[in-house]
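Chemist: please work out how this folds:
(one chain, ligands or ions: 1)
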Amino acid sequence: MRSLVITLAGHLLLCFTPEGLCQGCAVSKDERPLVRDLQKKMIYSVDPGAPPNPSILLALRLAQDHNKKTEQDMLNKLSQDAVKRAASSFSSGQVALHILAQQASCSDPRRVSASGSTINLVQLLEQKLEKELQNIAIHDNPLTSFYQLSLDVLALCQLNGCLSPANASALLSPDDKKYYLGGQFSVDTAAVAVLAQVCLLTTGQPLPPKVSEKIRQNVQWLVNKMLEKKASDGLIGNIYSTGLAMQALSVSSSYLKPRAWSCPQTLSRVLVAIRQDAFKNPMAASQILPSLENRSYLDVSRLNCSMDPDNLPLSTPRPAPPTSHPPSIRVMYTAADGVNHTFSDSIQVTVPQGSVFFKVMVVAQKRDPRKFSFTYTQSSWGPYITSVRGLKADNNQRTYWQLLSNGVPLNQGAGDYIVSNGERLEVRFSTY
Ligand code: B12
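Modeler: Model prediction:
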């Protein structure tokens with residue numbers, strides 16, 4: 001196919017094909033090694049002991065370069081995990097991500113087989129979404145979050161599952177309670193809600209005019225709110241929401257005023273962050289990768305797996321250099337109940353330089369278990385703190401344990417955030 005391509009500073013700006021205009025931006029040829037490195041990091045990060053992560057396979061499938069064997073192995077593991085966990089421990093959004101990963105691998109999510117059993121993930125998601133809606137009716141709050149509800153609508157839309165566009169448009173309509181977390185507009189949630197609703201507008205049966213008008217209004221509101229969160233350097237929300245925001249904005253160009261957003265500017269800012277290793281966390285890498293390839297989660301049904309090149313050879317990852325004994329640093333650590341104000345305790349903790357927040361919590365717990373004991377669950381992003389001093393986070397009450405440094409909420413988790421000498425760290429029971 002012939003196309004005319006216009007670039008600025010090596011980034012794709014506009015392209016014209018015989019079919020018309022295709023707009024978007026992707027990394028240049030020179031920057032491609034950065035994308036391949038991210039892919040390899042995601043592949044090497046896979047922990048054989050942990051549940052496989054559908055977001056990683058989804059991102060690898062949306063990439064231009066492939067390692068077919070790795071992707072096939074991941075798909076097999078995901079199918080085994082889905083069959084095992086279908087009955088109990090899946091949240092609705094996890095099922096949705098599994099569906100998208102299967103679909104992106106040209107495997108039918110309605111027939112996922114492993115260990116002699118076959119399950120229908122689309123039907124399972126329909127049931128999970130029903131339970132979410134019941135929880136909203138009772139508690140005025142989903143079982144999970146509007147981020148996951150948006151993933152649910154996106155996956156059911158892509159698979160032509162049982163979903164009324166009118167109900168979906170009401171579910172994802174503008175409402176601060178849905179799109180704000182801890183007083184902050186959640187760009188991540190808005191981005192997935194945009195992808196889901198653009199899917200409703202462009203896939204399947206034509207919609208009744210009133211429904212499509214309502215969906216368009218929803219998308220316009222979300223796009224405007226996301227653009228309000230755009231900083232002068234191109235970031236949208238924070239560095240970890242920018243990838244999803246890029247996906248959303250690139251599929252909603254008809255909702256953008258001229259020059260409202262410069263994709264190449266945002267892409268350049270993201271590439272700086274990649275070079276600074278901001279995407280070490282494989283989940284973060286998986287969410288940024290599609291936008292580097294000018295792809296979005298709406299592309300999962302358009303992939304032609306038989307055309308994939310097998311061009312991403314893997315070498316054995318280099319073992320980390322032996323760490324010399326790092327010097328110690330001291331930080332102040334506080335655990336506080338910021339909701340009912342029943343306790344606020346501080347302790348000075350000594351840890352090796354380069355330690356993460358989680359290490360501080362472990363040391364504090366060891367020194368004074370009565371005040372600093374805590375529990376966590378292992379999530380796709382790493383350890384998620386679920387309780388401190390016996391006080392548990394509760395989704396129906398919209399409470400959680402917030403992480404802060406010098407009074408400012410962190411944009412990384414306890415397993416990733418590297419602490420510095422003299423820092424005041426805090427876990428604060430909060431509402432969102
Ligand atoms: C909803 C949400 C929350 C909710 C979770 C509860 C709920 N009602 O679902 C609340 C508001 C409580 C929350 C808290 C935090 N979050 Co949050 N959260 C999200 C969001 C929007 C969606 C997550 C989701 O549902 N994924 C889909 C499901 C299917 O995947 P899952 O893995 O099963 O999801 C679970 C985990 O992701 C976990 N979770 C949510 N946030 C975080 C953050 C970390 C670091 C970890 C380990 C786990 C975790 O809760 C999810 C539901 O059980 C993401 C956005 C994104 N881009 O992914 C941000 C996001 C993951 N959160 C983020 C952060 C930083 C946090 C906090 C550390 C903020 C803080 N300063 O305290 C805390 C976690 C502290 C802790 N206790 O360990 C960042 C992580 C970036 C990074 N590089 O690590 C993200 C990407 C947002 C962003 N753009 O900054 N979060």
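Chemist: quick one: low-confidence parts of the stretch 201-350 of the chain?
Modeler: 317-319, 322 (pLDDT under 70).
Chemist: now the most centrally placed residue in the chain: how far from residue 310?
Modeler: The residue lying closest to the centre of the chain (Cα atoms, centre = their mean) is residue 287, at 5.2 Å. When distance is defined by Cβ to Cβ, to the nearest Å, residue 287 is 25 Å away from residue 310. (Each C-beta comes from the backbone N, C-alpha and C, glycine too.)
Chemist: with residue 218 instead?
Modeler: Relative to residue 310, and taking Cβ to Cβ, residue 218 is found at 41 Å.
Chemist: neighbour count: these two, which is higher?
Modeler: Per other Cβ atoms under 10 Å, whichever of residue 218 and residue 310 has more neighbours is residue 218, with 22 against 11.
Chemist: is it true that residue 228 touches residue 185?
Modeler: Yes - with contact defined as Cβ atoms under 8 Å, residue 228 reaches residue 185; the gap is 7.5 Å.
Chemist: compare the two (neighbour count), which wins?
Modeler: Using other Cβ under 10 Å, the more surrounded residue of residue 228 and residue 185 is residue 185, with 17 against 10.
Chemist: and that one, bridged to which residues?
Modeler: Counting by DSSP bridges, residue 185 forms beta bridges with residue 180.
Chemist: contacts only, for it.
Modeler: 179, 225, 228, 229, 237 (Cβ atoms under 8 Å, 6 or more residues apart in numbering).
Chemist: what is the neighbour count of residue 334?
Modeler: 16.
Chemist: that one - that's part of a helix, no?
Modeler: No - using DSSP: H, G, I helix; E, B strand; the rest coil, the assignment for residue 334 is strand, not a helix.
Chemist: follow-up on the earlier one: where's the residue nearest to the centre of the chain, which helix or strand?
Modeler: Using DSSP states H and E, residue 287 falls within helix 282-292.
Chemist: can you check residue 162 too?
Modeler: Going by DSSP H and E, residue 162 is not in any helix or strand.
Chemist: next, it: phi, psi?
Modeler: phi -80, psi 110 (degrees, to the nearest 10).
Chemist: what's the distance between it and residue 114?
Modeler: 24 Å.
Chemist: ok, these two, which is more surrounded?
Modeler: Per other Cβ under 10 Å, whichever of residue 162 and residue 114 has more neighbours is residue 114, with 16 against 12.
Chemist: ok, the more buried one - contacts?
Modeler: Counting by Cβ under 8 Å, 6+ apart, residue 114 has contacts 76, 79, 80, 82, 83, 84.
Chemist: again, but for residue 52
Modeler: By Cβ under 8 Å, 6+ apart, the contact list for residue 52 reads 46, 74, 77, 78, 81.
Chemist: restricted to helices, list those residues.
Modeler: 74, 77, 78, 81 (DSSP state H).
Chemist: can you pull the contacts of the last one?
Modeler: Residues counted as contacts of residue 81 (Cβ under 8 Å, 6+ apart) are 51, 52.
Chemist: check what pLDDT it gets.
Modeler: Looking at residue 81, its pLDDT reads 95.
Chemist: ok, now the first one?
Modeler: Residue 74 carries a pLDDT score of 96 in this model.
Chemist: how far away is it from residue 52?
Modeler: 6 Å.
Chemist: any common contacting residues for these two?
Modeler: With Cβ under 8 Å, 6+ apart as the test, residue 74 and residue 52 both reach residue 46.
Chemist: quick check: bridge partners of the nearest residue to residue 76 once chain neighbours are set aside?
Modeler: Closest residue to residue 76 in three dimensions, ignoring its sequence neighbours and counting by Cβ to Cβ, 6 or more residues apart in numbering: residue 114, at 7.4 Å. With DSSP bridges as the criterion, residue 114 is bridged to residue 117.
Chemist: can you name the residue of the stretch 1-150 of the chain nearest the ligand?
Modeler: Here the stretch 1-150 of the chain gets closest to the ligand at one residue, residue 93, 3.0 Å apart by Cβ to the nearest ligand atom.
Chemist: what is the neighbour count of that residue?
Modeler: Using other Cβ under 10 Å: residue 93 sits among 24 other residues.
Chemist: ok, now which ones touch residue 149?
Modeler: Per Cβ under 8 Å, 6+ apart, neighbours of residue 149: 92, 93, 129, 132, 142, 171, 172.
Chemist: now render these as TSV, adding distance to residue 414.
Modeler: Below are these laid out as TSV (distance: Cβ to Cβ, whole Å):
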residue	distance to residue 414
92	25
93	21
129	31
132	27
142	25
171	32
172	31
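Chemist: in strands only, show me those residues.
Modeler: Among these, no member is found in strands (DSSP state E).
Chemist: show the buried residues in those.
Modeler: 92, 93, 129, 132, 142, 171, 172 (16 or more other Cβ atoms under 10 Å).
Chemist: which pLDDT value goes with the fifth one?
Modeler: Read that as residue 142. Confidence score, pLDDT, at residue 142: 95.
Chemist: now it: how far from residue 237?
Modeler: From residue 142 across to residue 237, the span is 21 Å (Cβ to Cβ).
Chemist: tell me the secondary structure for the residue in the chain that the ligand sits nearest to?
Modeler: Across the chain, no residue is closer to the ligand than residue 413, which sits at 2.3 Å (Cβ to the nearest ligand atom). At residue 413 the chain is in coil, as set by three-state DSSP.
Chemist: what subset of the contacts of residue 52 is buried?
Modeler: Burial by neighbour count, 16+ other Cβ under 10 Å: within those this picks out 46, 74, 77, 78, 81.
Chemist: quick check, pLDDT for the first one.
Modeler: So the one you mean is residue 46. For residue 46, pLDDT reads 88.
Chemist: quick check, it in contact with residue 56.
Modeler: Yes - using Cβ under 8 Å, residue 46 is in contact with residue 56, at 7.2 Å.
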